[in-house]
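Enquirer: Next comes the sequence, and after it the predicted model I'd like to discuss.
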Amino acid sequence: MIPINTALCSFGMSGYVFHAPFIEVHPAFNLYGVWERTKNNAQAKYPNIKTFRSLEEMLADQNIELVVVNTPSVTHYDFTKQVINSGKNVVVEKPFTATVKQAEELIQLAKEKNVTLSVYHNRRYDSDFKTVKKVLDEGWLGNIVEAEIHYDRYDPGLSYKVHKEIPTAAVGSIYDLGSHLIDQALMLFGMPKAVYGDLDTFRPNSKVGDYFDVKLFYSSHRVILKSSYYVREALPGNILHGTKGSFIKSKADIQEAELQAGKIPGSKDWGAEPDKEKGLLHTEKEGKIIREHIPTLNGDYMEYYEGIYQALRNNGSVPVTGTEGMNVIRVIEAALLSNKEKKVIQL
């Protein structure tokens, strides 16, 4: 098997935590190179990796087959366009782009250049989301009436990642955390008919949005997506009510913490939540009321890179398409417009 020589566009937290460990462990990939302007952090951890001092230098290397654009969100459109024009396959961190127009252009360009394009929506592979999807797929709740998904934290200070606090394109919690929640909602329920967005800024000295309450309107139900940096005592991350029953589940995926602690993906009990985080299922089956805590599926971001491998080597479908990434931006644009005009936006 010819390994997929893969290069990262940065080696900050995204590269160090969310990409390099999986590329290094997966047998079909070779962690070939990284773009670091002045540092050599990647080589310190991976001695065989090649360091590039510019994007142009990296894209000129004909040995590279796949590039991961994991730089600040404001750069995604420009850098991804350069990667595609170089003829290399590309994985783009979320948010895909700042606008739908940019996303449409990149999708079309990838088709013209005959390269693979995928957006890294890794939270599809969180333990809590996988479990919620299983409960819905198995029909335990009947027809959904209301679903509420949270991504809350207590973190009133400004981020040490300066680029996240500068009011530029694709910045703010609706793009950062909202991308995750919107993608999960679209995975579960498809595109909504309309969107209402309430966005605000509450942290002292903050210049970017750090709060959102977005409602997605479907013909038969509603989906609420919420995030705030002022939640010291968090509500469950997933609250779903249907015609048969309810499912309540915390947002408790442990993969990010495991990766930051240096745990190797695929090791024993990878992505296994503590038993105390089991979700509560209260429903009925065949006339019998059921109220019990059910096991949580293991989270596993490796499923994303396995999907990329299948796409590049076995003509499989990419795990997240450009169109799926673009639909997330479509909802974000609608939420921003709704907040500005104080009205529901039809899609």
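Expert: Sure, I can see it. What you are looking at is a predicted structure, and each value in this text was computed from that prediction instead of being measured.
Enquirer: Roughly how far does the residue located most distally from the centre of the chain sit from Lys244?
Expert: For the chain, the largest distance from the centre (Cα atoms, centre = their mean) belongs to Gly287, which lies 38.7 Å off. According to Cβ to Cβ, to the nearest Å, Gly287 stands 11 Å off from Lys244. All C-beta spots, glycine's among them, are computed from the backbone N, C-alpha and C.
Enquirer: Also Gly172?
Expert: Distance from Gly172 to Lys244, by Cβ to Cβ: 37 Å.
Enquirer: Also Thr75?
Expert: 46 Å.
Enquirer: higher neighbour count, the two?
Expert: Legend: neighbour count by other Cβ atoms under 10 Å for Thr75 and Lys244, higher for Thr75 (20 against 16).
Enquirer: contacting residues for the more buried one?
Expert: Counting by Cβ atoms under 8 Å, 6 or more residues apart in numbering, Thr75 makes contact with Val69.
Enquirer: hang on, it in a strand?
Expert: No. Assignment of Thr75 by DSSP: H, G, I helix; E, B strand; the rest coil gives helix, placing it outside any strand.
Enquirer: Tell me how far it lies from Pro167.
Expert: Remark: distance between Thr75 and Pro167 (Cβ to Cβ) = 16 Å.
Enquirer: Same check on Ser267?
Expert: Taking Cβ to Cβ, one finds Ser267 at 41 Å from Pro167.
Enquirer: all helices for this protein, in order.
Expert: For the chain, the helices defined by DSSP state H occupy 13, 20-25, 41-45, 55-59, 76-85, 100-113, 127-137, 173-189, 255-260, 302-313, 322-341.
Enquirer: Including mean pLDDT, could those helices go into TSV?
Expert: Below are the helices of the chain laid out as TSV (pLDDT from 0 to 100):
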stretch	mean pLDDT
helix 13	91
helix 20-25	97
helix 41-45	93
helix 55-59	97
helix 76-85	98
helix 100-113	98
helix 127-137	98
helix 173-189	98
helix 255-260	96
helix 302-313	98
helix 322-341	98
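Enquirer: closest one to Leu225 among those helices?
Expert: With Cβ to Cβ, the closest approach to Leu225 among the helices of the chain belongs to helix 173-189: 4.3 Å.
Enquirer: How far off centre is that closest one?
Expert: For helix 173-189, the separation from the chain centroid amounts to 8 Å (computed by Cα atoms, centre = their mean, to the nearest Å).
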